[in-house]
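Participant: How does the following fold in three dimensions:
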Amino acid sequence: MKLSPYFLALLCPIILLSSCKKDSNEVTADAKSTFSIEFENQVNGSPLVLNTTTYQNAKGEDFKINVFKYYVSNIKLSKADGTTYLIPESYFLIDASKAESTNITLKDVPVGDYTKIEYTIGVDYARNFAGAQTGALDPINGMFWTWNSGYIFVKLEGTSPQSPATGNTLTFHIGGVTDPNNTIKTFATEINAANPLRVRTDGKPNMHFIVNAAALFTGKTDISFSTLYFTMGGANSVIVANNYANGLFRLDHIHN
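Facilitator: The predicted structure follows:
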């Protein structure tokens with residue numbers, strides 16, 4: 001069948017456009033892109049409001065939170081086939097008093113579908129003894145013990161009528177990397193295979209985590225502020241870290 005020149009002139013651009021159009025789900029080898037993580041700080045399902053809002057622990061004791069900071073580091077992503085990618089130099093300090101810190105951006109991540117994420121709650125052993133550092137690990141952030149040569153992994157300060165400390169203060173500075181007082185914890189969660197983290201060159205997905213500050217006080221051990229209201233490392237910090245290891249973070253949803 002002979003095609004008219006006019007028909008061919010119309011058909012060729014359509015073919016070219018179709019061949020150039022890319023599937024939004026297409027994954028190109030060696031391509032990299034960006035995604036973000038949002039940490040929404042709460043206390044047992046209620047928004048965390050510093051200084052003014054009163055909450056209750058598992059013992060029914062009232063408390064307020066004035067300071068809430070924590071490190072998230074060594075973020076690792078896994079695919080369904082078992083391959084993993086450890087994001088280099090992924091150290092982030094989340095500070096409830098600084099809204100911009102609760103949204104972090106991960107750059108140069110290989111494109112693909114990721115079905116698991118894990119990260120350290122705190123700072124790994126090596127970086128605790130690496131000397132003067134910058135960025136999130138800069139001692140100026142108030143998360144480094146100069147007297148103890150190590151980082152505070154989670155810091156919560158506040159008040160409770162049950163605390164016998166001067167001013168009814170609560171001081172929970174959780175850190176320590178050597179046994180028997182090692183408080184380094186790893187959080188890991190599977191991602192729904194029906195909606196994995198889809199890292200693509202033409203999109204910037206967002207992961208949304210709920211962070212429950214009250215997890216410090218319940219879990220393996222329900223804490224009463226009448227007896228545990230101050231810790232800066234040591235055995236009591238291990239008690240708190242064992243509590244929040246499984247209850248501090250929860251993956252809420254993903255926007256791909």
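Participant: CA only for contacts and neighbour counts going forward, please
Facilitator: Noted.
Participant: residues of stretch 165-174 that come out buried?
Facilitator: Ala165, Asn168, Thr169, Leu170, Thr171, Phe172, His173, Ile174 (16 or more other C-alpha atoms under 10 Å).
Participant: residues touching the nearest residue to the first one once chain neighbours are set aside, list them.
Facilitator: The spatially closest residue to Ala165, leaving aside those adjacent along the chain, is Tyr229, at 7.5 Å (C-alpha to C-alpha, 6 or more residues apart in numbering). The contact partners of Tyr229, by C-alpha atoms under 8 Å, 6 or more residues apart in numbering, come to Ser163, Pro164, Ala165, Thr169, Leu170, Thr171, Phe172.
Participant: Of those, which is the nearest to Ala235?
Facilitator: Lowest distance from Ala235 to the contacts of Tyr229 (C-alpha to C-alpha) belongs to Phe172, with 12.3 Å.
Participant: show me what contacts the closest one?
Facilitator: Phe172 sits in contact with Val154, Lys155, Leu156, Glu157, Tyr229, Phe230, Thr231, Met232, Ser237, where contact means C-alpha under 8 Å, 6+ apart.
Participant: Save those residues as CSV, and put in distance to Ala193 too.
Facilitator: As requested, the contacts of Phe172 are exported to CSV (distance: C-alpha to C-alpha, whole Å):
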residue, distance to Ala193
Val154, 31
Lys155, 34
Leu156, 35
Glu157, 38
Tyr229, 42
Phe230, 42
Thr231, 40
Met232, 40
Ser237, 36
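Participant: ok, which pair from these is furthest apart?
Facilitator: Applying C-alpha to C-alpha across the contacts of Phe172, the maximum distance is between Val154 and Tyr229, 14.8 Å.
Participant: Would you confirm that Phe68 belongs to a strand?
Facilitator: Yes - according to DSSP: H, G, I helix; E, B strand; the rest coil, Phe68 belongs to a strand.
Participant: what about it, how many neighbours?
Facilitator: Residues near Phe68, counting by other C-alpha atoms under 10 Å, number 19.
Participant: right, and it touches Lys98 too?
Facilitator: No - under the criterion of C-alpha atoms under 8 Å, Phe68 makes no contact with Lys98, lying 10.2 Å away.
Participant: Most neighbours out of the contacts of Phe172, which is it?
Facilitator: Val154 leads these on contacts (other C-alpha under 10 Å) with 26 neighbours.
Participant: Just the element for that residue, please.
Facilitator: Using DSSP states H and E, the element containing Val154 is strand 150-159.
Participant: which residue packs closest to Leu48, ignoring adjacent ones?
Facilitator: Of all residues not flanking Leu48 in the chain, Gln42 sits nearest, at 4.5 Å (C-alpha to C-alpha, 6+ apart).
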